[in-house]
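Novice: Give the three-dimensional model of this entry:
(one chain, ligands or ions: 2)
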Amino acid sequence: MPPRLVVDRVSKTFVAPEKNGGRIDILRDVSFSVNAGQIVSLIGPTGCGKTTLLRIIDGLIRPDSGQVMVNGKEVKGPKDSSCAMVFQRFNLLPWRNALKNVEFGLEAKGVEPKEREKLAKEYLSLVGLAGYEKYHPHHLSGGMQQRVGLARAIAIKPDVVLLDEPFSSVDLLRRESLQNEVLKILIKTRETGIFVTHNVEEAVFLSDMIISLGTRPGRVKTVYQVNLPRPNENDSDTGIVKTLEERKNLIDSRSEDTYKLILALKGDLTEGTAPREEQVGFRAFA
Ligand SMILES: Nc1ncnc2c1ncn2[C@@H]1O[C@H](COP(=O)(O)OP(=O)(O)O)[C@@H](O)[C@H]1O
Ligand SMILES: [Mg+2]
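Specialist: Ligands and ions are numbered 1, 2, ... in the order given. Next up is the predicted model:
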(Lines give C-alpha, C1' and ligand atoms only; values in the text may rest on other atoms or scores of the structure.)
(Ligands and ions follow the chains in the order given, each with its own letter.)
Protein backbone atom coordinates (compact mmCIF):
# COMPACT_ATOMS: atom_id res chain seq x y z
CA MET A 1 0.00 0.00 0.00
CA PRO A 2 1.42 3.42 -0.96
CA PRO A 3 1.50 6.12 1.72
CA ARG A 4 -1.71 8.14 1.89
CA LEU A 5 0.11 11.28 0.75
CA VAL A 6 3.45 11.78 -0.94
CA VAL A 7 4.82 15.24 -1.61
CA ASP A 8 7.73 14.64 -3.93
CA ARG A 9 10.30 17.39 -4.62
CA VAL A 10 7.66 20.09 -4.98
CA SER A 11 8.94 23.51 -6.06
CA LYS A 12 7.00 26.67 -6.74
CA THR A 13 7.90 30.21 -7.78
CA PHE A 14 5.64 33.24 -8.04
CA VAL A 15 6.01 36.42 -10.05
CA ALA A 16 7.35 39.16 -7.81
CA PRO A 17 6.30 42.67 -8.93
CA GLU A 18 9.27 44.27 -7.19
CA LYS A 19 11.54 42.14 -9.34
CA ASN A 20 10.17 43.56 -12.59
CA GLY A 21 8.50 40.39 -13.64
CA GLY A 22 11.18 38.21 -12.08
CA ARG A 23 10.12 35.31 -9.94
CA ILE A 24 10.74 34.43 -6.34
CA ASP A 25 11.25 30.97 -4.98
CA ILE A 26 8.43 30.11 -2.60
CA LEU A 27 8.93 26.37 -2.16
CA ARG A 28 11.99 24.42 -3.15
CA ASP A 29 12.21 20.65 -3.30
CA VAL A 30 9.72 19.96 -0.56
CA SER A 31 9.34 16.23 0.08
CA PHE A 32 7.60 14.24 2.77
CA SER A 33 5.09 11.48 3.09
CA VAL A 34 2.19 10.79 5.39
CA ASN A 35 0.62 7.43 6.20
CA ALA A 36 -3.10 6.81 6.49
CA GLY A 37 -4.44 7.91 9.86
CA GLN A 38 -1.40 10.02 10.71
CA ILE A 39 -1.84 13.55 11.95
CA VAL A 40 0.90 15.89 10.87
CA SER A 41 1.69 19.55 11.47
CA LEU A 42 3.47 21.85 9.07
CA ILE A 43 5.15 24.59 11.00
CA GLY A 44 7.13 27.55 9.73
CA PRO A 45 7.36 31.33 9.80
CA THR A 46 4.73 33.46 8.08
CA GLY A 47 5.31 33.61 4.35
CA CYS A 48 7.35 30.42 4.08
CA GLY A 49 4.76 28.88 1.78
CA LYS A 50 2.58 26.74 4.06
CA THR A 51 -0.74 27.82 2.54
CA THR A 52 0.75 27.53 -0.94
CA LEU A 53 1.82 23.98 -0.13
CA LEU A 54 -1.68 23.03 1.09
CA ARG A 55 -3.18 24.49 -2.09
CA ILE A 56 -0.75 22.45 -4.18
CA ILE A 57 -1.70 19.29 -2.24
CA ASP A 58 -5.38 20.12 -2.85
CA GLY A 59 -4.74 20.50 -6.59
CA LEU A 60 -5.77 24.18 -6.60
CA ILE A 61 -2.40 25.28 -7.93
CA ARG A 62 0.18 23.32 -9.84
CA PRO A 63 3.77 23.05 -8.69
CA ASP A 64 6.47 24.20 -11.15
CA SER A 65 8.13 20.85 -10.65
CA GLY A 66 7.69 17.80 -8.49
CA GLN A 67 4.42 16.05 -7.76
CA VAL A 68 1.80 15.22 -5.19
CA MET A 69 0.38 11.72 -4.94
CA VAL A 70 -2.66 10.72 -2.91
CA ASN A 71 -3.00 6.94 -2.52
CA GLY A 72 -0.40 6.53 -5.24
CA LYS A 73 -2.30 8.67 -7.77
CA GLU A 74 -0.91 11.99 -8.97
CA VAL A 75 -2.98 15.08 -8.19
CA LYS A 76 -3.00 17.16 -11.37
CA GLY A 77 -5.84 19.54 -10.65
CA PRO A 78 -8.75 20.26 -8.32
CA LYS A 79 -10.82 17.47 -9.91
CA ASP A 80 -8.24 14.85 -8.93
CA SER A 81 -8.19 16.01 -5.36
CA SER A 82 -9.75 13.86 -2.70
CA CYS A 83 -8.67 16.26 0.04
CA ALA A 84 -10.83 18.68 2.00
CA MET A 85 -9.78 22.06 3.38
CA VAL A 86 -10.66 23.63 6.70
CA PHE A 87 -9.85 27.32 6.69
CA GLN A 88 -8.68 29.82 9.24
CA ARG A 89 -11.67 32.07 8.55
CA PHE A 90 -14.08 29.15 8.35
CA ASN A 91 -15.31 30.14 4.84
CA LEU A 92 -18.92 29.26 5.61
CA LEU A 93 -21.61 30.60 3.32
CA PRO A 94 -23.38 33.25 5.43
CA TRP A 95 -26.75 32.84 3.72
CA ARG A 96 -26.88 29.12 4.39
CA ASN A 97 -27.71 27.55 7.73
CA ALA A 98 -25.35 25.05 9.39
CA LEU A 99 -27.01 22.04 7.77
CA LYS A 100 -26.92 23.59 4.29
CA ASN A 101 -23.29 24.57 4.79
CA VAL A 102 -22.37 20.96 5.54
CA GLU A 103 -24.42 19.85 2.54
CA PHE A 104 -22.42 22.16 0.30
CA GLY A 105 -19.45 19.83 -0.22
CA LEU A 106 -21.78 16.87 -0.73
CA GLU A 107 -23.68 18.77 -3.43
CA ALA A 108 -20.46 19.27 -5.33
CA LYS A 109 -19.95 15.49 -5.12
CA GLY A 110 -23.39 14.90 -6.62
CA VAL A 111 -24.91 13.23 -3.55
CA GLU A 112 -28.74 12.96 -3.70
CA PRO A 113 -30.69 15.56 -1.63
CA LYS A 114 -32.16 13.04 0.85
CA GLU A 115 -28.83 11.30 1.46
CA ARG A 116 -27.14 14.68 1.66
CA GLU A 117 -29.40 15.87 4.40
CA LYS A 118 -29.02 12.63 6.32
CA LEU A 119 -25.21 12.75 6.12
CA ALA A 120 -25.07 16.46 6.98
CA LYS A 121 -27.16 15.80 10.10
CA GLU A 122 -24.93 12.91 11.11
CA TYR A 123 -21.76 14.96 10.76
CA LEU A 124 -23.18 17.98 12.58
CA SER A 125 -24.07 15.69 15.42
CA LEU A 126 -20.57 14.16 15.33
CA VAL A 127 -19.04 17.61 15.88
CA GLY A 128 -21.45 18.23 18.77
CA LEU A 129 -23.87 20.50 16.92
CA ALA A 130 -27.06 18.44 16.88
CA GLY A 131 -29.92 20.91 17.31
CA TYR A 132 -28.06 23.73 15.54
CA GLU A 133 -28.96 22.65 12.00
CA LYS A 134 -31.08 25.73 11.29
CA TYR A 135 -28.64 28.29 12.74
CA HIS A 136 -26.89 30.63 10.37
CA PRO A 137 -23.14 31.25 10.81
CA HIS A 138 -23.62 34.71 12.37
CA HIS A 139 -25.65 33.12 15.16
CA LEU A 140 -22.86 30.69 16.01
CA SER A 141 -19.67 31.32 17.99
CA GLY A 142 -16.28 31.15 16.24
CA GLY A 143 -15.64 27.70 17.68
CA MET A 144 -19.05 26.44 16.52
CA GLN A 145 -18.48 27.87 13.05
CA GLN A 146 -15.16 26.07 12.91
CA ARG A 147 -16.87 22.81 13.87
CA VAL A 148 -19.35 23.33 11.01
CA GLY A 149 -16.30 23.84 8.76
CA LEU A 150 -14.85 20.57 10.04
CA ALA A 151 -18.16 18.72 9.55
CA ARG A 152 -18.35 20.03 5.99
CA ALA A 153 -14.80 18.82 5.32
CA ILE A 154 -15.11 15.32 6.74
CA ALA A 155 -18.67 14.67 5.46
CA ILE A 156 -17.22 14.05 2.00
CA LYS A 157 -14.93 11.36 3.48
CA PRO A 158 -11.75 12.91 2.13
CA ASP A 159 -8.47 11.02 1.87
CA VAL A 160 -6.67 13.88 3.60
CA VAL A 161 -8.07 16.77 5.65
CA LEU A 162 -6.03 19.95 5.24
CA LEU A 163 -6.42 22.44 8.07
CA ASP A 164 -4.91 25.88 7.51
CA GLU A 165 -4.41 27.54 10.91
CA PRO A 166 -7.89 26.39 11.89
CA PHE A 167 -7.76 27.80 15.41
CA SER A 168 -6.21 31.18 14.85
CA SER A 169 -9.53 33.03 14.57
CA VAL A 170 -10.91 31.48 17.74
CA ASP A 171 -10.39 33.32 21.00
CA LEU A 172 -7.74 31.99 23.33
CA LEU A 173 -10.19 30.75 25.96
CA ARG A 174 -12.00 28.45 23.58
CA ARG A 175 -8.99 27.49 21.55
CA GLU A 176 -7.85 24.68 23.78
CA SER A 177 -11.21 22.96 23.96
CA LEU A 178 -11.63 23.30 20.21
CA GLN A 179 -8.20 21.74 19.63
CA ASN A 180 -9.27 18.84 21.82
CA GLU A 181 -12.57 18.50 20.04
CA VAL A 182 -11.12 18.60 16.53
CA LEU A 183 -8.35 16.15 17.36
CA LYS A 184 -10.81 13.78 18.99
CA ILE A 185 -13.02 13.82 15.89
CA LEU A 186 -10.10 13.27 13.52
CA ILE A 187 -8.93 10.31 15.60
CA LYS A 188 -12.39 8.77 15.90
CA THR A 189 -13.05 9.04 12.18
CA ARG A 190 -9.49 7.78 11.43
CA GLU A 191 -8.81 10.76 9.25
CA THR A 192 -5.40 11.63 7.89
CA GLY A 193 -4.87 15.27 8.79
CA ILE A 194 -2.39 18.01 8.02
CA PHE A 195 -2.47 21.05 10.26
CA VAL A 196 -0.71 24.28 9.40
CA THR A 197 0.26 26.24 12.47
CA HIS A 198 2.98 28.50 13.72
CA ASN A 199 2.31 27.66 17.33
CA VAL A 200 4.88 25.20 18.64
CA GLU A 201 2.88 23.82 21.57
CA GLU A 202 -0.16 23.41 19.36
CA ALA A 203 1.88 21.43 16.84
CA VAL A 204 3.23 19.13 19.56
CA PHE A 205 -0.21 18.60 21.06
CA LEU A 206 -1.91 17.86 17.75
CA SER A 207 0.52 15.74 15.84
CA ASP A 208 2.23 12.41 15.40
CA MET A 209 4.83 14.07 13.19
CA ILE A 210 5.94 17.68 12.72
CA ILE A 211 7.48 18.98 9.54
CA SER A 212 9.33 22.18 10.15
CA LEU A 213 9.73 24.42 7.12
CA GLY A 214 12.44 27.00 6.64
CA THR A 215 11.78 30.22 4.84
CA ARG A 216 12.88 31.78 1.62
CA PRO A 217 12.39 29.53 -0.07
CA GLY A 218 10.18 27.22 1.96
CA ARG A 219 11.94 23.88 2.34
CA VAL A 220 11.84 21.03 4.80
CA LYS A 221 14.24 21.78 7.63
CA THR A 222 13.55 18.96 10.03
CA VAL A 223 11.01 16.20 10.47
CA TYR A 224 10.19 15.42 14.10
CA GLN A 225 8.40 12.33 15.35
CA VAL A 226 6.27 13.10 18.37
CA ASN A 227 6.43 10.24 20.84
CA LEU A 228 3.63 11.12 23.20
CA PRO A 229 0.70 8.95 24.27
CA ARG A 230 -1.82 8.86 21.44
CA PRO A 231 -5.43 7.81 21.71
CA ASN A 232 -6.65 4.91 19.68
CA GLU A 233 -9.70 5.23 17.41
CA ASN A 234 -11.28 2.29 19.24
CA ASP A 235 -11.00 3.99 22.63
CA SER A 236 -14.19 5.22 24.23
CA ASP A 237 -14.83 8.98 24.25
CA THR A 238 -13.70 9.20 27.85
CA GLY A 239 -10.62 7.10 27.04
CA ILE A 240 -9.68 9.49 24.23
CA VAL A 241 -10.23 12.54 26.43
CA LYS A 242 -8.09 10.99 29.20
CA THR A 243 -5.18 10.27 26.86
CA LEU A 244 -5.36 13.77 25.40
CA GLU A 245 -5.28 15.23 28.91
CA GLU A 246 -2.23 13.15 29.70
CA ARG A 247 -0.61 14.42 26.53
CA LYS A 248 -1.43 18.02 27.39
CA ASN A 249 0.04 17.59 30.87
CA LEU A 250 3.31 16.27 29.51
CA ILE A 251 3.57 19.36 27.30
CA ASP A 252 2.54 21.85 29.99
CA SER A 253 4.83 20.34 32.61
CA ARG A 254 7.72 20.40 30.14
CA SER A 255 8.72 16.77 30.53
CA GLU A 256 12.27 16.27 29.27
CA ASP A 257 11.36 14.95 25.81
CA THR A 258 8.67 17.50 25.09
CA TYR A 259 10.87 20.31 26.41
CA LYS A 260 13.67 19.36 24.03
CA LEU A 261 11.25 19.08 21.14
CA ILE A 262 9.68 22.47 21.90
CA LEU A 263 13.12 24.09 22.14
CA ALA A 264 14.21 22.59 18.83
CA LEU A 265 11.03 23.77 17.11
CA LYS A 266 11.33 27.27 18.55
CA GLY A 267 14.92 27.34 17.34
CA ASP A 268 13.78 26.39 13.84
CA LEU A 269 11.15 29.13 13.88
CA THR A 270 13.34 31.98 15.02
CA GLU A 271 16.38 31.20 12.93
CA GLY A 272 16.52 33.73 10.10
CA THR A 273 14.06 36.58 9.85
CA ALA A 274 10.86 36.78 7.89
CA PRO A 275 11.24 38.27 4.42
CA ARG A 276 10.77 42.03 4.34
CA GLU A 277 7.90 41.83 1.88
CA GLU A 278 5.84 40.03 4.51
CA GLN A 279 6.44 42.77 7.02
CA VAL A 280 5.07 45.42 4.69
CA GLY A 281 2.23 43.17 3.61
CA PHE A 282 3.34 42.40 0.08
CA ARG A 283 0.82 40.21 -1.61
CA ALA A 284 0.36 39.92 -5.32
CA PHE A 285 -1.94 37.37 -6.79
CA ALA A 286 -0.93 36.33 -10.25
N1 LIG B 1 -0.76 33.73 -6.03
C2 LIG B 1 0.36 34.32 -5.58
N3 LIG B 1 1.11 35.10 -6.38
C4 LIG B 1 2.25 35.68 -5.95
N5 LIG B 1 2.74 35.51 -4.70
C6 LIG B 1 2.04 34.75 -3.84
C7 LIG B 1 0.80 34.12 -4.22
N8 LIG B 1 0.34 33.42 -3.16
C9 LIG B 1 1.23 33.61 -2.17
N10 LIG B 1 2.25 34.39 -2.58
C11 LIG B 1 3.44 34.75 -1.80
O12 LIG B 1 4.08 33.52 -1.47
C13 LIG B 1 4.65 33.58 -0.18
C14 LIG B 1 4.14 32.44 0.67
O15 LIG B 1 2.78 32.63 0.95
P16 LIG B 1 1.91 31.63 1.82
O17 LIG B 1 1.94 30.29 1.17
O18 LIG B 1 0.59 32.25 2.02
O19 LIG B 1 2.73 31.58 3.18
P20 LIG B 1 2.31 31.10 4.66
O21 LIG B 1 0.99 30.41 4.55
O22 LIG B 1 3.42 30.19 5.09
O23 LIG B 1 2.26 32.31 5.50
C24 LIG B 1 4.34 34.95 0.35
O25 LIG B 1 5.46 35.77 0.08
C26 LIG B 1 3.14 35.40 -0.46
O27 LIG B 1 3.08 36.80 -0.56
MG1 LIG C 1 -0.84 30.75 5.43
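Novice: State the number of residues packed around residue 267.
Specialist: The tally of other residues near residue 267 (other Cβ atoms under 10 Å) stands at 13. The C-beta positions use only the backbone N, C-alpha and C, and glycine is treated the same way.
Novice: quick one: the host helix or strand of it to chain centroid distance?
Specialist: For residue 267, the host element (DSSP states H and E) is helix 256-270. Counting by Cα atoms, centre = their mean, to the nearest Å, helix 256-270 is centred 21 Å from the centre of its parent chain.
Novice: now residue 10, what's its secondary structure?
Specialist: strand (DSSP: H, G, I helix; E, B strand; the rest coil).
Novice: Can you pull the phi and psi angles for residue 177?
Specialist: With angles defined as degrees, to the nearest 10, residue 177 sits at phi -70, psi -30.
Novice: can you give me the helices in the stretch 101-250 of the chain?
Specialist: All helices of the stretch 101-250 of the chain, identified by DSSP state H, counting those that start in this stretch, fall at 113-126, 142-155, 172-188, 200-206, 237-252.
Novice: ok, whichever residue of the chain sits closest to ligand 2 - how many residues close by?
Specialist: Among all residues of the chain, residue 51 sits closest to ligand 2, at 3.2 Å; criterion: Cβ to the ion. If you count neighbours by other Cβ under 10 Å, residue 51 ends up with 17.
Novice: before we move on, what about residue 58?
Specialist: 22.
Novice: Would you mind measuring from the residue of the chain closest to ligand 2 to ligand 1?
Specialist: For residue 51, the distance to ligand 1 equals 3 Å [Cβ to the nearest ligand atom, to the nearest Å].
Novice: And this structure, what are its domain boundaries?
Specialist: 5-82+160-279, 92-157 (automatic domain parsing).
Novice: lowest-confidence stretch among the ones you listed?
Specialist: Lowest mean pLDDT within the domains of the chain: domain 5-82+160-279, at a mean of 90.
Novice: Tell me the buried residues in stretch 1-10?
Specialist: 3, 4, 5, 6, 7, 8, 10 (16 or more other Cβ atoms under 10 Å).
Novice: what's the farthest-apart pair in those residues?
Specialist: By the measure Cβ to Cβ, 4 and 10 form the most distant pair in the buried residues of stretch 1-10, at 16.3 Å.
Novice: how much does the helix holding residue 267 deviate in direction from helix 237-252?
Specialist: Using axes from the mean of the first three to the mean of the last three Cα atoms, to 10 degrees, the inter-axis angle of helix 256-270 relative to helix 237-252 is 70 degrees.
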